[in-house]
Every structure is written in structure tokens, then in C-alpha cells.
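Undergrad: the following block contains a protein sequence and its predicted model.
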Amino acid sequence: MPEDVPMELSEEVAKDVYKAVTDGDANRMRYVTGRITKELLAKKDELGSEAFHQYIRGLLMKEID
């Protein structure tokens, strides 16, 4: 991620993990945790898979330059 994007605090992630552990859904195997991850998944839903991959590739290439 770009340097200007603040990372989640451990407390934020811990709240999501706690919800996952205590939600009572024994069949659910995947949970989204953290604000950045949730924003990225929303972006993927908005753009579609291929455009999202290009978007991420562009972000990563900025980091290399």
C-alpha cells in the first residue's frame, strides 16, 4: 500500500477477530478483517477482477519506482 495510507491498529483487527470467533457460525471459514482490506474488497467489487488486478499492479509499481 502507499506510504500515506495508515495501517490498522492491532485493536481494530482484534475486534474483527473476536467477532469472527464469537459469531456462532461454525460453517463460515473466511472473514474480512481490517479497514484497508474491506476497502480493497469494495474496490474489487466496483472494478471487477481484471481491472482490480491492474489497479493493484499499478499501486505496486508506484512503490517500486
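TA: Happy to help now that I have it.
Undergrad: only C-alpha atoms from now on, for both contacts and neighbour counts.
TA: Will do.
Undergrad: for residue 34, which residues are in contact?
TA: By Cα atoms under 8 Å, 6 or more residues apart in numbering, the residues touching residue 34 are 8, 12, 13, 16.
Undergrad: okay if I get these as JSON lines plus neighbour count and distance to residue 41?
TA: Formatted as JSON lines, those follow (neighbours: other Cα atoms under 10 Å; distance: Cα to Cα, whole Å):
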{"residue": "8", "neighbour count": "13", "distance to residue 41": "16"}
{"residue": "12", "neighbour count": "12", "distance to residue 41": "17"}
{"residue": "13", "neighbour count": "15", "distance to residue 41": "16"}
{"residue": "16", "neighbour count": "15", "distance to residue 41": "16"}
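Undergrad: and of those residues, the nearest to residue 39?
TA: The nearest member of these to residue 39, counting by Cα to Cα, is residue 8 at 12.1 Å.
Undergrad: do I have it right that that closest one meets residue 36?
TA: Yes - using Cα atoms under 8 Å, residue 8 is in contact with residue 36, at 7.4 Å.
Undergrad: and the helices in this structure?
TA: Secondary structure of the chain (DSSP state H): helices at 10-22, 35-47, 49-64.
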